[in-house]
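> show me the folded form of this:
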Amino acid sequence: SKLPQGNFAAELWFTIDVDPQDNTVPFADLDLRGLIGSQAYRRFPFCGRGWALGYRNSVVTGTTLEWHLFVEQTRGFTTGEWQMQYSTNTPLEKGVWQHLVAVYEEPMARLYLNGALVREKQACETLPCGRPTYPGSFL
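Numbering: from 1, shown residues only. You can find the predicted model right below:
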């Protein structure tokens, strides 16, 4: 597999595609918009696999960056979902390029926006966190 099997960083440039005040787009300020990742939809936390980065852009809460990551856990045959969110005070401006980097360096995960560390936390409840899991992989 060419997918990261241990520590990794995902780096990308993106622009906001919808102005949250645009009344012509239904739910413009509510929808989660995916940016990059390899993640299987999960109905239950133990079924999920992979990782994904996305955002919500709201007039009320600003821009919320979301990082979902599923890693091996030491809790039987399940994987634990870990989620990091970072909210700006105001929405990111539509059409302006933003630089986003997500770093998983077990056991820590970090999120950088435009070169600044904006969020950092442990990626699992129980150490060791383990490697990322992916769709089609089983423990």
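> most centrally placed residue in this structure?
W67 (1.3 Å; C-alpha atoms, centre = their mean).
> which SSE is that one in?
W67 is part of strand 62-72, with elements assigned from DSSP states H and E.
> avg pLDDT for that strand?
What strand 62-72 shows for mean pLDDT is 83.
> now do the contacts for the residue nearest to the centre of the chain.
The neighbours of W67, taking C-beta atoms under 8 Å, 6 or more residues apart in numbering as the test, are 51-53, 83-85, 102, 109, 111. In short, each C-beta sits where N, CA and C put it, glycine included.
> what about the closest residue to G37 other than its chain neighbours, how many residues nearby?
Distance criterion C-beta to C-beta, 6 or more residues apart in numbering; nearest residue to G37, sequence neighbours excluded, is A52 at 3.0 Å. Per other C-beta atoms under 10 Å, the neighbour tally for A52 reads 20.
> next: T133.
By other C-beta under 10 Å, the residues close to T133 number 22.
> ok, it touching L69?
No - if you go by C-beta atoms under 8 Å, T133 and L69 don't touch, sitting 9.4 Å apart.
> tell me the one of the contacts of W67 nearest A10?
Checking the contacts of W67 against A10 by C-beta to C-beta gives A102 as the nearest, at 4.8 Å.
> many thanks, have a good one.
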